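Asks: mind looking at a prediction? Sequence and model below.
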Amino acid sequence: MPAIADAIILKNGAKTFQQDEDSPTYVLKGVDLTIEKGQFYILLGPSGCGKSTLLNIIAGFLELSEGNLEIVTSNTNRDGRGFVFQSADSALFPWLTVEENIAFGLKMKKVPTEERKKIAEHYIKLTGLTGHAKKFPDNLSGGMKQRVQLARVLANEPEILLMDEPFGALDAMTRRSMQNELIRIWRETNKTIIFVTHDIQEAIILGQKIGIMSVGPSSKITTTYDVKLSYPRDLTTAEFNDCYRRVQAHFEDYGI
């Protein structure tokens, strides 16, 4: 079998924020990360450990202070990266309909109207938004807004999805529904996904690999877990709970 290609390679990555001239503060230090193409990878760690900072570096929103980052895609659209934010309210345009929000990036690229409409219709269907195309964001639930944000990112055909706690503000039932939807979409599209969370259960429900980040400052990925459970994952099984206990034990070592 041919080797699986890597999508993201980060070697000895570090990020500092200068508080004074002589003593920079390391938010991240010595981060090594390799993510295979098509993999669902979870960045898991306590609040404030630098998960979002690392995700923003991979997205290209922040620059590394030290180290080397390589993004490997065949996509020429923003080099193949798409970002899904924690809050859809700040990401969507309230004066545009669902369909118009999804097609916005395509419009900026001057994609012809009929092609934009066809692409938007495809992702409306893929993300379970059928029947909501003409609604405005204010008429949607939180979960539906996140579907719109995800559909808009997917419409630009990224190879890599970067997701910063996108379900954190949702109620438990909506969150579980969105987790199931994301797994379905990932399996249908074969995107590479990097998903940030501080929720152990969510990490195990979603991820093939879980990168455990240490408490900051100078945070890094200390342990990587391979999650061998089949999809969809049943929270009530002994195998799921055994995996949960092993991951939880790691954080108990931190005193969290």
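Replies: Received the coordinates, thanks.
Asks: where in the stretch 1-150 of the chain is pLDDT low?
Replies: 1-4, 19-21, 75-79 (pLDDT under 70).
Asks: quick one, strands of it?
Replies: Shown for the stretch 1-150 of the chain, the strands assigned by DSSP state E, counting those that start in this stretch span residues 6-17, 25-36, 40-44, 66-71, 81-84.
Asks: doesn't A91 make contact with F85?
Replies: Yes: at 4.8 Å, F85 counts as touching A91 under the criterion of CB atoms under 8 Å. Quick note: C-beta positions are derived from backbone N, CA and C, even for glycine.
Asks: which residues are common contacts for the two?
Replies: Counting by CB atoms under 8 Å, 6 or more residues apart in numbering, the residues touching both F85 and A91 are Q149.
Asks: circling back to that earlier point, what's the most buried one of the strands of the stretch 1-150 of the chain?
Replies: Ranked by mean neighbour count under mean count of other CB atoms under 10 Å, these are led by strand 40-44, which reaches a mean of 25.
Asks: now do it against strand 25-36, angle only.
Replies: 160 degrees (axes from the mean of the first three to the mean of the last three CA atoms, to 10 degrees).
Asks: re earlier: among the strands of the stretch 1-150 of the chain, which comes closest to G60?
Replies: With CB to CB as the measure, strand 81-84 is the member of those nearest G60 (6.6 Å).
Asks: could you confirm V196 falls within a strand?
Replies: Yes: according to DSSP: H, G, I helix; E, B strand; the rest coil, V196 belongs to a strand.
Asks: one step back: can you redo the strands of the stretch 1-150 of the chain as a markdown table with distance to M108?
Replies: Below are the strands of the stretch 1-150 of the chain laid out as a markdown table (distance: least, CB to CB, whole Å):
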| stretch | distance to M108 |
| --- | --- |
| strand 6-17 | 25 |
| strand 25-36 | 28 |
| strand 40-44 | 29 |
| strand 66-71 | 22 |
| strand 81-84 | 14 |
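Asks: nearest to L140, out of those?
Replies: Nearest of those (CB to CB): strand 81-84, 15.9 Å.
Asks: who are the contact partners of R175?
Replies: Counting by CB under 8 Å, 6+ apart, R175 makes contact with G143, F167, E202.
Asks: repeat that for 6 Å
Replies: Shown in contact with R175 (CB atoms under 6 Å, 6 or more residues apart in numbering): F167.
Asks: and the angle from whatever helix or strand it lives in to strand 40-44?
Replies: Element membership for R175, per DSSP states H and E: helix 172-189. Angle of helix 172-189 versus strand 40-44, following the same axes, to 10 degrees, is 140 degrees.
Asks: using CSV, write out every CA atom in helix 172-189.
Replies: Extracted as CSV, the C-alpha positions of helix 172-189 are listed here (Å, rounded to 0.1, in the frame of the first residue of the first chain):
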residue,chain,number,x,y,z
ALA,A,172,-26.1,19.3,25.2
MET,A,173,-28.7,17.8,22.8
THR,A,174,-27.8,20.2,19.9
ARG,A,175,-24.1,19.6,20.6
ARG,A,176,-24.5,15.8,20.2
SER,A,177,-26.5,16.3,17.0
MET,A,178,-23.8,18.5,15.6
GLN,A,179,-21.1,16.1,16.6
ASN,A,180,-22.9,13.3,14.6
GLU,A,181,-23.3,15.6,11.6
LEU,A,182,-19.7,16.6,11.6
ILE,A,183,-18.6,12.9,11.6
ARG,A,184,-21.0,12.2,8.7
ILE,A,185,-19.7,15.2,6.7
TRP,A,186,-16.1,14.3,7.4
ARG,A,187,-16.6,10.7,6.3
GLU,A,188,-18.4,11.9,3.1
THR,A,189,-15.8,14.6,2.2
